[in-house]
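A.B. asks: Dropping a prediction and its sequence here:
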Amino acid sequence: MAKNTICLWFEGEAEAAAHFYADTFPDSFVGAVHRAPGDYPAGKAGDVLTVEFTVAGIPCLGLNGGPAFRHSEAFSFQIQTDTQEETDRYWTAIVDNGGSESACGWCRDRWGLSWQITPRVLTDALAAGGEPASRAFKAMMTMGKIDVAAIEAAVAGRTGG
């Protein structure tokens, strides 16, 4: 296990979430699954207690801690994409697996974790600054899933954005 690992709290489905992430994102895999040696407030001896997994190269630990805590947008994974096809693939995988859409490239998976599916054309435009960044930002503010062509058009000044 890495020295610094993100610990994500789940309500009993850490292993299912880890397998979904491993199946969805490159450089992702499920490692060790640890079972509880005794009963605990959210489970029984033998239940999956923790799952070691990696999401897009980031080491994580899923903890089946029960219903006491919920995820919020205060923590999210940001996945950089290079094409509309890649953006669509990740967005659809999350939303169609019991997740929900949000605004400005954000969506939430069925376990409550937030994801930013962010095309590089958007982050590059924002980093460059100036009027193209302002137009890209304005265009993004109208979107759920990011539309790469619309961001490219806004950067180029081909829209009213």
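C.D. replies: Received, thanks. Quick caveat: nothing in here was measured; it's all calculated off a predicted structure.
A.B. asks: Grab the most central residue of the chain for me.
C.D. replies: residue 115 (2.8 Å; C-alpha atoms, centre = their mean).
A.B. asks: distance of residue 31 from residue 141?
C.D. replies: Note on residue 31: its distance to residue 141, by C-beta to C-beta, to the nearest Å, is 39 Å. Backbone N, C-alpha and C define where each C-beta goes, glycine included.
A.B. asks: From the neighbour counts alone, determine which of these two ranks first.
C.D. replies: residue 31 (14 against 10; other C-beta atoms under 10 Å).
A.B. asks: Point out where this protein drops to low pLDDT.
C.D. replies: Flagging of the chain using pLDDT under 70 yields the residue ranges 160-161.
A.B. asks: residue contacts, residue 44?
C.D. replies: Residue 44 makes contact with residue 36, according to C-beta atoms under 8 Å, 6 or more residues apart in numbering.
A.B. asks: Domain map for the chain?
C.D. replies: By the assignment in automatic domain parsing, the chain contains the domains 1-69, 71-161.
A.B. asks: My read is that the residue nearest to the centre of the chain contacts residue 94, right?
C.D. replies: Yes. Applying C-beta atoms under 8 Å, one finds residue 115 in contact with residue 94, separated by 5.7 Å.
A.B. asks: shared neighbours of those two, anything?
C.D. replies: The contact sets of residue 115 and residue 94 overlap at 107, 108, 109 (C-beta under 8 Å, 6+ apart).
A.B. asks: tell me the secondary structure for the first one?
C.D. replies: Same thing as residue 107. Following DSSP: H, G, I helix; E, B strand; the rest coil, residue 107 is assigned to strand.
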